[in-house]
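Undergrad: what follows is a predicted structure for the sequence shown.
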Amino acid sequence: MRAWSRGERARGRRIAFVPTMGFLHEGHLRLVDHARERADRVVLSIFVNPLQFGPGEDFQAYPRDLARDRALAAARQVDCLFVPDAAALYPTDPLVKLDPGPLGATLEGRARPGHFVGVLTVVTKLFHWVEPDVAVFGRKDFQQGLLVERLAADLDFPVEIDVRPTVRELDGLALSSRNAYLDADARRAALALSRALRAIEQAWRGGEADPRALVRRGMDVLATPGVAPEYLVLVDRSLRPVTRVDARTVALVAAKVGSTRLIDNVVLGDGIAADTAVRP
Ligand code: AMP
């Protein structure tokens, strides 16, 4: 992998990198399209990273289909598909890992202890193999995007982090590999997440700026049969709870739909309408 990247770089080509866990969907592929605009060569990695799954989470069950992913990547003109296996990436259990700090201790980090240690550690390792000029991530994983930006800035990685809007289906459901777990009823119930975000956004646009009132509004929509809310918060870009809501405020939601854990978010000033909508 590194020899390929260095060969390309020696020929003066810029490299963009899109790390994923595979089971590709249009959300991943829009990152690839954007990567193509940002560089001369696009590397897509597929690696279901055991380090970022907790005990009892869905590492074993996580959907995988390499043949399909290969075809989708080829159709989007990915130049290099990087599919390391776990034994190559982790010849031994890493004793030294990345510390996500306070931004990683809250929300997803609290719900999934060790998750961001695993994410930042694997992102670091992948950056070392790929040596990209720019790496493209999705805002769907808002907290992850923030942490990767801080990883690159705080530890002087010579890579630009580019975080792109969430890709949704036409009815608002954020695309996710985990949507594959949802049957028709669960998929309908899963719409509660984006609807709750939209309700908050609309109430805010209507003049409500009190975060507690807005969260209550969102909770009314989120708490529907089949949906178990985990958190619904209004925070600033450093994930601190806000006392007054403005255009930069982010609404972040996590909920379980049956046994499937889903997350979503919206930056209020951008709005859900600014995200990319695609047909299934
Ligand atoms: P994953 O395979 O779920 O680890 O995601 C790989 C990358 O794709 C991450 O940067 C995600 O934030 C991004 N991603 C996943 N789903 C979406 C989506 N619906 N819209 C935009 N980016 C996404």
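TA: Thanks, I have it.
Undergrad: per-residue confidence at G172?
TA: According to the model's per-residue confidence, G172 sits at a pLDDT of 97.
Undergrad: surely it is in a helix?
TA: No - note on G172: no helix contains this position according to DSSP: H, G, I helix; E, B strand; the rest coil, which reports coil.
Undergrad: the ligand versus that one, what's the distance?
TA: Here the criterion is Cβ to the nearest ligand atom, to the nearest Å. By it, G172 lies 11 Å from the ligand. Just so you know, the C-beta spots here come from the backbone N, C-alpha and C atoms, and that holds for glycine as well.
Undergrad: count of neighbours near that residue?
TA: Around G172 there are 18 other residues, counting by other Cβ atoms under 10 Å.
Undergrad: name the nearest residue to it, ignoring sequence neighbours.
TA: S194 (3.6 Å; Cβ to Cβ, 6 or more residues apart in numbering).
Undergrad: list the contacts of the one you found.
TA: Contacts for S194 (Cβ atoms under 8 Å, 6 or more residues apart in numbering) come out as 168, 171-174, 264, 272.
Undergrad: what residues of the lengthiest helix in the chain count as buried?
TA: Using DSSP state H, we find that the single longest helix of the chain is helix 184-205. Within helix 184-205, the residues that count as buried by 16 or more other Cβ atoms under 10 Å are 186-187, 189-201, 203-204.
Undergrad: contacts only, for the closest residue to the ligand within the stretch 1-150 of the chain.
TA: For the stretch 1-150 of the chain, the residue closest to the ligand is G138, as judged by Cβ to the nearest ligand atom, at 2.0 Å. For G138, the contacting residues are 27-28, 31, 145, 163-167, taking Cβ under 8 Å, 6+ apart as the criterion.
Undergrad: can you tell me which of those are in strands?
TA: 163-164, 167 (DSSP state E).
Undergrad: would TSV of the residues you listed with pLDDT, neighbour count and distance to F23 be doable?
TA: Conversion of the ones in strands among the contacts of G138 to TSV gives the following (pLDDT from 0 to 100; neighbours: other Cβ atoms under 10 Å; distance: Cβ to Cβ, whole Å):
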residue	pLDDT	neighbour count	distance to F23
V163	98	18	21
R164	98	20	19
V167	98	22	14
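Undergrad: dump these into JSON lines; add distance to the ligand as well.
TA: Formatted as JSON lines, the entries for the ones in strands among the contacts of G138 read as follows, by distance: Cβ to the nearest ligand atom, whole Å:
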{"residue": "V163", "distance to the ligand": "8"}
{"residue": "R164", "distance to the ligand": "6"}
{"residue": "V167", "distance to the ligand": "4"}
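Undergrad: so which of these is the closest to P91?
TA: For P91, the nearest member of the ones in strands among the contacts of G138 is V163. The distance, counting by Cβ to Cβ, is 31.1 Å.
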